[in-house]
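1. below: sequence and its predicted model.
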Amino acid sequence: MSRAHIASRLEDRLNRSTSTLLERRHWSKRVFPYVGFGSVDPELEGRNPYVSAPRPKTQTWRASGQPSGRQRRIPEGGRAVVLGRVVMGKSGQPAVPAAHDDSLVRRGFRAFFSVPQTGEEVTVSLGAARAVGHTDRGGYFDIEVVGHGLRDGWHEATIECDGIVTHAAMQIISGEARFGIISDIDDTALITALPRPLIAAWNTFVVRETVRREVPGMAAFYRSMLSGHPGAPMFYLSTGAWNTQPVLTRFLRRSGFPRGTLLLTDWGPTETAWFRSGPEHKRRWLRRLASEFPDVRWLLVGDDGQHDPALYEKFALSYPEHVAGIAIRQLTPAQQLLSHGHPLQMDDVAGRVPGVPWLEGPNGFVLHERVSAVVDPGRGSVAAIAAPQARRVRGKVHA
């Protein structure tokens, strides 16, 4: 087994020494529950319990050791994933952060000062199931629960760690779901100008969360698309740090975005590199969601300021049967210039995914008009007016 990267070893040493110091100052553990997700036992819905693992059409998206095309049985009672984090908290702070909207209005930089608790035992309960896991080197836990026996809808999981008990919202998704949305956050739902280092730092570390702005029309766009299919899953997949999860959750709720699961990342070093790969984080979760929900066709929503267009196109090329459409929010030429030094889009896509509509627009209102014309959320498929051999034209789908 190779030795961990020097950056991760230094970070682990710093976290251990800081944790010991804070314990002497009577700091204690805090548990941050995140919104999880899961599936329903197929027998509860009268479905075939056997499904085929997604078969990627390109090697780029084939995970090492992952079965491809082989049938697997969905666990009896259903399966779910419970997410969260354990960190040190200042003396006097509640062990579980308050849930109401404005309880933690703060400048962004404070969210990034935390000391993770590594190797903590965490017990989770959901419905009739119970499972035990441990936190990783960043204090995060990702625990699979099998046999919960719950039907689709929103439920609560109970999380226990060192005498602390809290609850996490769980999005349990029906096996009959055929449509869902996976959306980026930065510059797609929330105006952050993340690619611009200086402005991004100002927005992240200085600006109060209550003055952050929604991309016009995006919340209404998502609500309208989901209204055609009640119970459709909603995921927010971003390269943003988990430290900002409470801030983002309150922002999305205040702005009227549909309730969903946030899938963020850790900005710290890994065991193999100084920094985590944002595109690889998104690739991993896209692949995992395609495997977890093989019958869902996803509307992939992002922006053209970073790598979303190329990433989504490659995913659609490899898993075309899992993509209902791709919607890209266009940054203005000025935003593109500030983002990466020139006024053109920073992508390299050709719109060469047969049968997958590609729509672009500057805001949610325009995207809604264009997407709703070619994607049928009730069936999770391309409407009859969309040609089977679609090619990318800005804002339209042509045969």
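-> Now that the structure is in, tell me what you want to look at. Numbers count the residues shown, from 1 in each chain.
2. can you list phi and psi of residue 259 for me?
-> phi -70, psi 140 (degrees, to the nearest 10).
3. bridged to the closest residue to it other than its chain neighbours, which residues?
-> Leaving aside its chain neighbours, residue 259 sits nearest to residue 234 (6.8 Å; criterion: C-beta to C-beta, 6 or more residues apart in numbering). C-betas here are computed from N, CA, C, even on glycine. Beta-bridge partners recorded for residue 234 (DSSP bridges): residue 181.
4. isn't residue 234 up against residue 225?
-> No. With contact defined as C-beta atoms under 8 Å, residue 234 does not count as touching residue 225 (9.7 Å).
5. looking at these two, which one has more neighbours?
-> With neighbours defined as other C-beta atoms under 10 Å, residue 234 and residue 225 compare such that residue 225 has more, 26 against 22.
6. which residues touch that one?
-> Residues near residue 225 by C-beta atoms under 8 Å, 6 or more residues apart in numbering: 181, 299, 368, 371, 372, 375, 377.
7. can you do 10 Å?
-> 179-181, 232, 234, 258, 299, 301, 324-325, 327, 367-368, 371-372, 375, 377 (C-beta atoms under 10 Å, 6 or more residues apart in numbering).
8. over to residue 295?
-> Applying C-beta under 10 Å, 6+ apart to residue 295 gives the contacts 47, 51, 174, 175, 176, 177, 178, 179, 321, 322, 380.
9. quick check: the gap between the residue nearest to residue 259 and residue 81.
-> Distance of residue 234 to residue 81, given as C-beta to C-beta, to the nearest Å: 15 Å.
10. just residue 140 next, same as before
-> From residue 140 to residue 81 the distance is 12 Å (C-beta to C-beta).
11. what is in contact with the two at once?
-> Residues touching both residue 140 and residue 81 (C-beta under 10 Å, 6+ apart): residue 34.
12. for residue 285, the count of nearby residues, please.
-> Residue 285 is surrounded by 17 other residues when neighbours are defined as other C-beta under 10 Å.
13. that one and residue 182 touch, don't they?
-> Yes. At 8.3 Å, residue 285 and residue 182 qualify as touching, with contact defined as C-beta atoms under 10 Å.
14. shared neighbours, those two?
-> With contacts defined as C-beta under 10 Å, 6+ apart, the residues shared by residue 285 and residue 182 are 235, 237, 263.
15. is it possible to export the residues you listed to TSV including pLDDT, neighbour count and distance to residue 218?
-> Putting the shared contacts of residue 285 and residue 182 into TSV (pLDDT from 0 to 100; neighbours: other C-beta atoms under 10 Å; distance: C-beta to C-beta, whole Å) gives the following:
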residue	pLDDT	neighbour count	distance to residue 218
235	98	20	15
237	96	24	15
263	96	25	18
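16. show me what contacts residue 302?
-> 182-188, 237-238, 282, 308-309, 311-312, 326-329, 347.
17. please identify the helix or strand for it.
-> For residue 302, the host element (DSSP states H and E) is strand 297-303.
18. direction included, what does that strand pair up with?
-> Applying DSSP bridges, one finds strand 297-303 paired with strand 179-183 (parallel), strand 323-329 (parallel).
19. of the ones you listed, which stretch is the most buried?
-> Scoring the strands paired with strand 297-303 by mean neighbour count under mean count of other C-beta atoms under 10 Å gives strand 323-329 as the most buried, with a mean of 27.
20. and that one, average pLDDT?
-> For strand 323-329, the mean per-residue pLDDT is 95.
21. go on, stretch 187-200?
-> 65.
22. ok, stretch 285-301 next?
-> For stretch 285-301, the mean confidence score works out to 94.
23. same question for it: list its buried residues.
-> For stretch 285-301, burial by neighbour count (16 or more other C-beta atoms under 10 Å) applies to 285-287, 289-294, 296-301.
24. just those now: which is nearest residue 218?
-> Relative to residue 218, the closest of these is residue 301; by C-beta to C-beta it sits at 8.1 Å.
25. confirm that residue 158 sits in a helix.
-> No. Assigned with DSSP: H, G, I helix; E, B strand; the rest coil, residue 158 falls outside any helix and is strand.
26. surely it and residue 168 touch.
-> Yes. With contacts counted by C-beta under 10 Å, residue 158 reaches residue 168, the gap being 8.1 Å.
27. tell me the residues that contact both of those two, please.
-> 33, 82, 124, 126.
28. any idea how far residue 172 is from the last one?
-> Distance of residue 126 to residue 172, given as C-beta to C-beta: 9 Å.
29. which residues do those two both contact?
-> Residues touching both residue 126 and residue 172 by C-beta under 10 Å, 6+ apart: 36, 38, 78, 80, 148, 150, 155.
30. which among those residues end up buried?
-> 36, 38, 78, 80, 148, 150, 155.
31. the last one and residue 173 touch, don't they?
-> No. Judged on C-beta under 10 Å, residue 155 makes no contact with residue 173 at a distance of 11.3 Å.
32. list residues touching both of those two?
-> In contact with both residue 155 and residue 173: 38, 80, using C-beta under 10 Å, 6+ apart.
33. where does the prediction get shaky in the stretch 51-200 of the chain?
-> Within the stretch 51-200 of the chain, the stretches with pLDDT under 70 are 51-53, 55, 57-76, 91-113, 192-200.
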